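> next comes the sequence, and after it the predicted model I'd like to discuss.
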Amino acid sequence: MDEQRREVGAVDEQRRDVGAVVRATTDAVRGAGRFSASAVAASADSAVGILTRRVVATALARPRPVPDAPSLARALSDQPSPPTVGTATAAALAARAASRLGPLRFLARRTPMWILAVVGPALYEAVSRGADELGLVASHLVLRARAAGVEPDPERLRRAAVQISCGRAVDPEMSPPDGGLAFTWLRRALRSTLPLAHSVGTGHPDRVAGDAARVPPDQLAPRSDDR
């Protein structure tokens, strides 16, 4: 019973953390007046850091059963349903604007607030899915490290998992771009609202799984100079 209460509490806390990332991201867009990568990264950096640390702590305590690359790729391939967004009219207007300008130019232009309302529900789904993806990657790294006789250092594990999720080279010595994850999730959310778009799920599960499987377990071991 105590274990069940702890699990329920952890889920509730993660939901609150997801909400904090969503608020920080939307606040940045409102303040900048556009989908600005730098503004989103700066605004959401702290909230994403809190979320990723909680996700990694859960993976250390209760790693999910993804011990190898094929099982991780399968778990990452599970696609959530496309999120329910605002009214059909608003979604059509956003899609028309994005198709006319192209995704990158659309993101760079000044953003009417109704577009943010359309993307908002999708953003919550994208951040939730991103946290789930990070938890799967971290669980895989935990299981492989422990199988090799290594107990992962929480911060080195977090850095590696975030770097893999961002598609970057893994170097646990370097702090990851936490805020950059928020903009990645925002772009996923925006694209998921367009006609014939994919869901907010993992775009390249085999690549992500392969990157995770290539991390040497000893890179996750604590270092005497880690702070």
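Here it is on my side, so go on.

> continuing past whichever strand or helix holds R159, what's the next helix or strand?
Remark: R159 resides in helix 154-165, with elements defined by DSSP states H and E. Counting by DSSP H and E, the next helix or strand C-terminal to helix 154-165 is helix 178-192.

> just want the angle from that following helix to helix 154-165.
Inter-element angle recorded for helix 178-192 and helix 154-165: 30 degrees (by axes from the mean of the first three to the mean of the last three C-alpha atoms, to 10 degrees).

> between the next helix or strand after helix 178-192 and helix 154-165, how many degrees?
Next along the chain after helix 178-192, taking DSSP H and E as the criterion, comes helix 205-213. Calculated by the same axes, to 10 degrees, helix 205-213 forms an angle of 150 degrees with helix 154-165.

> residues touching the closest residue to R144 other than its chain neighbours, list them.
Computed as C-beta to C-beta, 6 or more residues apart in numbering, the closest residue to R144 that is not its neighbour in sequence is P217, at 5.6 Å. Heads up, the C-betas are built off the backbone N, CA and C, glycines and all. Each residue near P217 by C-beta atoms under 8 Å, 6 or more residues apart in numbering is listed here: 141, 144-145, 147-148, 150, 152.

> so what's the residue nearest the centre of the chain closest to, chain neighbours aside?
Centroid-nearest residue in the chain, with C-alpha atoms, centre = their mean: G130, separated by 2.7 Å. Nearest non-adjacent residue to G130, counting by C-beta to C-beta, 6+ apart: W185, 4.7 Å away.

> how close does that neighbour get to I50?
Relative to I50, W185 is positioned 15 Å away (C-beta to C-beta, to the nearest Å).

> from the contacts of P217, pick the one nearest A57.
Proximity of these to A57 (C-beta to C-beta) peaks at P152, which lies at 11.4 Å.

> surely the closest one and A221 touch.
Yes: with contacts counted by C-beta atoms under 8 Å, P152 reaches A221, the gap being 7.2 Å.

> give me the common contacts of these two.
A145.

> and the two? Which one has more around it.
Between P152 and A221, counted using other C-beta atoms under 10 Å, P152 has the larger neighbour count: 26 against 17.

> may I see the buried residues of the longest helix belonging to the chain?
When the chain is parsed with DSSP state H, its longest helix is helix 113-147. Within helix 113-147, the residues that qualify as buried are 115-116, 118-146, counting by 16 or more other C-beta atoms under 10 Å.

> residues contacting stretch 207-214, please?
Against stretch 207-214 from outside (C-beta under 8 Å, 6+ apart): 68-70, 72-73, 76, 133, 137, 140-141, 144, 161, 164-165, 167, 170, 202.
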